[in-house]
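K.L.:
Sharing a model that was predicted from the sequence below.
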Amino acid sequence: MHSEWKEDVHYALGFTKLWCQALGIWPWDRNIKFSILRRTFAFATQVASSVLLMERLSVYGHCGLRISLIDALGITSAFLISATKILILSLQKDRLRDILQSLINDWVNIRGASDLQIMKERALWGRSAFIVQIGVAVVAVIDLSVTRYPSFGGPVGNDTTRTIIMGPSCWIPDDMSFGAYLVIYYLMFISLWVCCGVYTGCGALMFSVALHICGQFEILNTSLDDLTDDDNHYQQRRKIKEYSRRHNELLLVGNQLNHMLYLIIFTEILGSCFLVCISGVAIMMQVKNGNVDKDIINYALRMGVAYTGLLLYSYVGEQLFIQAEKSRLTIYQCPWYNFSPGMIKDFKFIMMRNDSFCYLTSGGISIINYEQIKDLTRIMFSYFSVFKVMLE
């Protein structure tokens, strides 16, 4: 069971707890069967909707509407990414518990007002990421839900069509029963809302946790400011021992976070790049055809959500690396040259340990930072023209 759930802990991890409980991956859920049912339902809706969209597309095509093809491809990729996130987080539940327990312990064991200020500042950024990411996605889903509500009219004839929330109306044949039509419509409707929560919430969760670890490195790097050669040997040894222990703990938590997320980051980078490209193509096609309407706003929101996710990953990846690298400078700037030979050996060992940086990776291959996102942006613009030619 996790530590005492204080007010500060609730401030920092309240949104994380609600999101994990809704998805069924909160490590301390008492009703295990119900949590399994929730995440199974979420995973099943994403997979079923992806299969349904691909089946409709393969059987009926895009019905002469390239915008509908873009919609189908874009939302299918989002569904598949969400399903991947649910599956990985379910398999990594024990690792998620260890990471969250470490965060809770940090909040319970705050030592001073300056440490609390750093942690609250990081927590505020994490809460803001949750609100902005999920808020923008909710606006996009509400727009689709309001403008493409189901058709409850009489029999389908030459003058009536049945609306589907994603895709062209020709995907619903005239001979389909009204019950089957509603099943398809509401499956897509529910899947969109699940995708909205999973796709954006996972990135916001990662952002909150990674920012907290950055804050802990910042606190750690200030813990040796009062280490001087005027201290007695016992005080010096105690401070170095506490620093080494805490530094090792943070490296372990950072590595756990990377191992939990590297496959998620890899799939999201691929999916987000694809979503940004085809949404941009859709906007250009709408403008070219003179259809400057509310659909353009929806495509722009999708681009914003996808690219913001990439920026969040790059920001925390860069900050993790920077804060971990500062630990090396912190040790070097101490007056270690005035300490005893035994203490100097300890400092050398700590400097060697600082070579183990803390970072996020994509697929365990490439480090995520600002430079990586700049390269991805250039690649997206290159493939943007390719998708434009293919869809025209």
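P.N.:
That came in fine, so what should we check first?

K.L.:
Can you give me the pLDDT of residue 160?
P.N.:
Looking at residue 160, its pLDDT reads 49.

K.L.:
Check the one 4 residues further on too.
P.N.:
Model confidence at residue 164, given as pLDDT, is 77.

K.L.:
Check which helices and strands the lengthiest helix in the chain is in contact with.
P.N.:
For the chain, the helix with the greatest residue count under DSSP state H is helix 233-288. When contacts are defined as 3 or more Cβ pairs under 8 Å, 6 or more residues apart in numbering; DSSP states H and E, helix 233-288 packs onto helix 66-91, helix 93-108, helix 178-222, helix 294-332, helix 341-353, strand 361-362, helix 370-391. For the C-beta atoms, the positions are set from N, CA and C on the backbone; glycine is no exception.

K.L.:
next one: the first one to chain centre, how far?
P.N.:
This points to helix 66-91. Chain-centre distance of helix 66-91: 14 Å, with Cα atoms, centre = their mean, to the nearest Å.

K.L.:
do the same with the third one
P.N.:
Centroid separation between helix 178-222 and its chain, computed with Cα atoms, centre = their mean, is 6 Å.

K.L.:
Please determine how far the closest residue to residue 98 other than its chain neighbours is located from residue 99.
P.N.:
Using Cβ to Cβ, 6 or more residues apart in numbering and skipping residues adjacent in sequence, the residue nearest residue 98 is residue 256, 6.1 Å away. Distance of residue 256 to residue 99, given as Cβ to Cβ, to the nearest Å: 6 Å.

K.L.:
swap in residue 193?
P.N.:
Taking Cβ to Cβ as the measure, residue 193 falls 27 Å from residue 99.

K.L.:
low-scoring stretches of this protein, by residue?
P.N.:
1-5, 62, 64-65, 151-161, 229-231, 290-295, 354-357, 384-392 (pLDDT under 70).

K.L.:
quick one on the thing from earlier: residue 256 and residue 99: which has the busier surroundings?
P.N.:
Ranked by neighbour count (other Cβ atoms under 10 Å), residue 256 and residue 99 place residue 99 first, with 21 against 18.

K.L.:
Wait, the more buried one touches residue 258, no?
P.N.:
No. Using Cβ atoms under 8 Å, residue 99 makes no contact with residue 258, being 10.7 Å away.

K.L.:
ok, for the residue nearest the centre of the chain, nearest residue in space, not its chain neighbours?
P.N.:
Closest residue to the average C-alpha location of the chain: residue 203 at 1.2 Å, with Cα atoms, centre = their mean. Nearest non-adjacent residue to residue 203, counting by Cβ to Cβ, 6+ apart: residue 309, 4.6 Å away.

K.L.:
count of neighbours near residue 144?
P.N.:
Residues within reach of residue 144, counting by other Cβ under 10 Å, total 18.

K.L.:
In what element of secondary structure is the spatially closest residue to it that is not a sequence neighbour found?
P.N.:
Of all residues not flanking residue 144 in the chain, residue 165 sits nearest, at 5.9 Å (Cβ to Cβ, 6+ apart). Using DSSP states H and E, residue 165 maps to neither a helix nor a strand.

K.L.:
Could I get the contacting residues of residue 165?
P.N.:
Going by Cβ atoms under 8 Å, 6 or more residues apart in numbering, residue 165 touches 144-145, 148, 185, 188-189, 192.

K.L.:
With residue 123 instead?
P.N.:
11-12, 208, 211-212.

K.L.:
The closest residue in space to residue 150 that isn't next to it in sequence: what's it in contact with?
P.N.:
Leaving aside its sequence neighbours, residue 150 sits nearest to residue 185 (Cβ to Cβ, 6+ apart; 4.8 Å). For residue 185, the contact set (Cβ under 8 Å, 6+ apart) comprises 150, 163-165.

K.L.:
repeat for residue 12
P.N.:
By Cβ under 8 Å, 6+ apart, residue 12 lies in contact with 103, 107, 119-120, 123, 126-127, 208, 212.

K.L.:
Check those against residue 368 and report the nearest one.
P.N.:
Set against residue 368, the nearest of the contacts of residue 12 by Cβ to Cβ is residue 208 (16.3 Å).

K.L.:
ok, that closest one - contacts?
P.N.:
Counting by Cβ under 8 Å, 6+ apart, residue 208 has contacts 12-13, 15-16, 123, 126-127, 129-130.

K.L.:
Compare the contacts of residue 185 and tell me which is most surrounded.
P.N.:
Most neighbours among these, by other Cβ under 10 Å: residue 164, with 23 neighbours.
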